[in-house]
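Engineer: model the following, please.
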Amino acid sequence: MAAVSPRDTDDRLEALFAQLTREPDFDAPELQAFDAADQLILRTAADDLADHPFEVPLGVDDVVVIGDRHGALTLGAATVFGVAGIRTHQDPLLGERALAQNARRMQLAGRYTNHGLDAAALTGARVVLVQLPRGLDALAEVSRAIARWADPEVRVFAGGRVKHMTRAMNDVLARDFAEVSAGLGWRKSRVLRAAGPRVPATAESAFPRWGTDPALDFSLAAFGATFGGPVLDHGSRLLLTTLADTQRQPATIVDLGCGNGVLAVSAARRFPEARVLATDQSTAAVAATRLTAQAAGVADRIAVERSDALEAVPDAWADLIVLNPPFHTGATVHAGVGHRLIRACRRALAPGGELRLVFNSHLGYRPLVEREVGPTRQLARNAVFTVLSATRES
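Structural biologist: Sure, this is the predicted structure:
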């Protein structure tokens, strides 16, 4: 790779980033398709490779990107490094779709391929660019995967916004790499460098992890990026106390945003004659839900789909939709994410079908639920959460 000045790198990246959109991901005026961490990761990697080049220049399949949100890292790497065959892992489906749309518009669609967080994504990788996840479990899974399968000379550049970074992230990387260091902050962002993997490819992953809870008669699985981990979160716990309160026995049930599968499996066990469809845009959630269902003995009655909102559900199919919606997009708290899911429910509900929803009470979702779905009643409330039941009228 020929030496490029930091100013030239920044100019090229800023021109590219100006063309990025979040579509079809949730969007709002205050949200962007990139941040300063994307730029700093790419610039840091470019400077490092210019100052300390590999004996054999980067080529096809040498660069891996993990955690790209909407294409900034993947398309930035294609632009700055001039390489093809970039292997990209994105947990959210909408991130994959946004990357694909941006790549097509910029005529870079052939420069990358999508992968899971596995050997196919990482074997032989020499440069790995990572948008740091907020959760330490997610980072631990990523770190171990890189150390197991990447080239022994791999260089890892993992960056994020300083407000979301902790010293513990250095410690997580240090378990798998001999060299870990932190770069200087820039525009409230920072990059961690890691090199010298010390984990053999034969080492076992720590994931999935399993958890139990006294309120459940089955175990929960979770991968690093699975929302909530292998535990029964407080919102779902409150919703489950209301599950017996149904106006009719549902024959078709959807768990929208299934996470670790606790609501889907609980519904399948509570209504043994029902068909259940669990959906989530997260790869880690879908994998965890399948394992939770298998361990609970209900996998034959739960179909699990990686999909956006309710796109996998036919019109007027669901007698019951259970929903514990996220209230963030990436690291940004935003009620609009939950609004989007609530608005999707009416089309998928059968006439007389019910949306069973739990949410942080301060978000005040009830007027939206009544407007978008139908008559609504409160089933439970505590100091933090509210559970509503809304019925779609014929």
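
Engineer: show me the protein divided up by domain.
Structural biologist: Under the assignment automatic domain parsing, the domains of the chain span 6-197, 209-391.

Engineer: for the ones you listed, give me TSV that also has distance to residue 203, mean pLDDT and mean neighbour count.
Structural biologist: C-betas here are computed from N, CA, C, even on glycine. Below are these laid out as TSV (distance: least, C-beta to C-beta, whole Å; pLDDT from 0 to 100; neighbours: other C-beta atoms under 10 Å):
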stretch	distance to residue 203	mean pLDDT	mean neighbour count
domain 6-197	6	96	19
domain 209-391	16	94	20
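
Engineer: quick one: stretch 357-377 to chain centroid distance?
Structural biologist: Averaging C-alpha positions (C-alpha atoms, centre = their mean, to the nearest Å) puts stretch 357-377 25 Å from its chain's average.

Engineer: repeat that for stretch 177-194.
Structural biologist: 23 Å.

Engineer: now what about the longest helix belonging to the chain, what contacts it?
Structural biologist: Of all segments of type helix in the chain, defined using DSSP state H, the longest is helix 36-51. Contact partners of helix 36-51, identified using C-beta atoms under 8 Å, 6 or more residues apart in numbering, comprise 1-4, 6, 9-10, 13-14, 17, 58, 72-73, 76-77, 80-81, 127, 129-132, 155, 157-161, 183, 186-191, 193.

Engineer: now, which of those residues lie within helices?
Structural biologist: Counting by DSSP H, the contacts of helix 36-51 place 6, 9-10, 13-14, 17, 72-73, 76-77, 80-81 in helices.

Engineer: looking at those, which one is closest to residue 365?
Structural biologist: Nearest to residue 365, judged by C-beta to C-beta, of those is residue 72 at 31.5 Å.

Engineer: test my guess that the closest one contacts residue 32.
Structural biologist: No - judged on C-beta atoms under 8 Å, residue 72 makes no contact with residue 32 at a distance of 9.2 Å.

Engineer: show me the helices in this protein, by range?
Structural biologist: Taking DSSP H to define them, one finds helices in the chain at 6-17, 36-51, 72-81, 93-105, 119-122, 136-149, 167-174, 234-240, 262-270, 283-296, 336-348, 366-372.

Engineer: can I get those in a markdown table including distance to residue 199?
Structural biologist: A markdown table is the format used below for these (distance: least, C-beta to C-beta, whole Å):
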| stretch | distance to residue 199 |
| --- | --- |
| helix 6-17 | 31 |
| helix 36-51 | 22 |
| helix 72-81 | 24 |
| helix 93-105 | 27 |
| helix 119-122 | 12 |
| helix 136-149 | 4 |
| helix 167-174 | 11 |
| helix 234-240 | 34 |
| helix 262-270 | 31 |
| helix 283-296 | 20 |
| helix 336-348 | 35 |
| helix 366-372 | 47 |
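
Engineer: out of these, nearest to residue 387?
Structural biologist: Here helix 234-240 is closest among these (C-beta to C-beta), at 5.2 Å.

Engineer: the longest strand anywhere in the chain pairs with which strands, and in what direction?
Structural biologist: In the chain, with assignment by DSSP state E, the single longest strand is strand 349-360. As defined by DSSP bridges, the strand partners of strand 349-360 come to strand 318-323 (parallel), strand 385-391 (antiparallel).

Engineer: extract the CA atoms of it and return them as CSV.
Structural biologist: Provided in CSV are the C-alpha atoms of strand 349-360 (Å, rounded to 0.1, in the frame of the first residue of the first chain):
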residue,chain,number,x,y,z
LEU,A,349,-52.7,-9.1,13.1
ALA,A,350,-55.8,-11.1,12.3
PRO,A,351,-59.2,-9.3,13.0
GLY,A,352,-59.6,-9.6,16.7
GLY,A,353,-55.9,-10.3,17.1
GLU,A,354,-53.9,-8.9,20.0
LEU,A,355,-50.7,-7.0,20.4
ARG,A,356,-49.2,-7.7,23.9
LEU,A,357,-46.5,-5.0,24.5
VAL,A,358,-44.2,-4.2,27.3
PHE,A,359,-42.2,-0.9,27.4
ASN,A,360,-40.5,1.5,29.7
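
Engineer: re the thing from before, tell me which of the helices of the chain lies nearest to residue 205.
Structural biologist: Nearest of those to residue 205, taken as C-beta to C-beta: helix 136-149 at 6.1 Å.
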